[in-house]
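K.L.:
Fold the following, please.
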Amino acid sequence: MEESVYKVIEIIGTSKNSWEEAAKNAVETAAKTVHDLRVAEIKELDMRIENGKVVAYRAKVNVSFKYHD
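P.N.:
Below you'll find the model as predicted:
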């Protein structure tokens, strides 16, 4: 097996519809500039509330990507 090195970063995605969409938005947006993403792990879910109503879902996600020579 080839030896590899990975970096883990934390990103936060938002959505007006769901936590799943918030996480997907985070990963797909990060993938535009961070290459070779490997694993995404949901670390925390929360909601933004205004006037007693949920206005946004947020997903804190750790993603890893592989370093290349």
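K.L.:
Okay, helices next: where are they in the protein?
P.N.:
19-30 (DSSP state H).
K.L.:
Now do Ala40, the pLDDT please.
P.N.:
At Ala40, the model reports a pLDDT of 96.
K.L.:
And for Asp69?
P.N.:
Value listed for Asp69 in the pLDDT field: 73.
K.L.:
Spit out the contact partners of the spatially closest residue to Gly13 that is not a sequence neighbour.
P.N.:
Excluding the flanking residues, the one nearest Gly13 by Cβ to Cβ, 6 or more residues apart in numbering is Ala26, at 2.7 Å. Just so you know, the C-beta spots here come from the backbone N, C-alpha and C atoms, and that holds for glycine as well. Residues in contact with Ala26 (Cβ atoms under 8 Å, 6 or more residues apart in numbering) are Ile11, Ile12, Gly13, Ala40, Ala59, Val61, Val63.
K.L.:
at 6 Å what do you get?
P.N.:
Ala26 makes contact with Ile11, Gly13, Val61 under the criterion Cβ atoms under 6 Å, 6 or more residues apart in numbering.
K.L.:
now Val39
P.N.:
Neighbour list for Val39: Ser64 [criterion: Cβ under 6 Å, 6+ apart].
K.L.:
What distance do you get for the residue nearest to Val54 when sequence neighbours are not counted to Ala30?
P.N.:
In this structure, Val54 finds its nearest non-sequential neighbour in Met47, 4.8 Å apart by Cβ to Cβ, 6+ apart. Computed as Cβ to Cβ, to the nearest Å, the Met47 to Ala30 distance reads 21 Å.
K.L.:
Can you pick out the residue with more neighbours from the two?
P.N.:
Using other Cβ atoms under 10 Å, the more surrounded residue of Met47 and Ala30 is Ala30, with 18 against 12.
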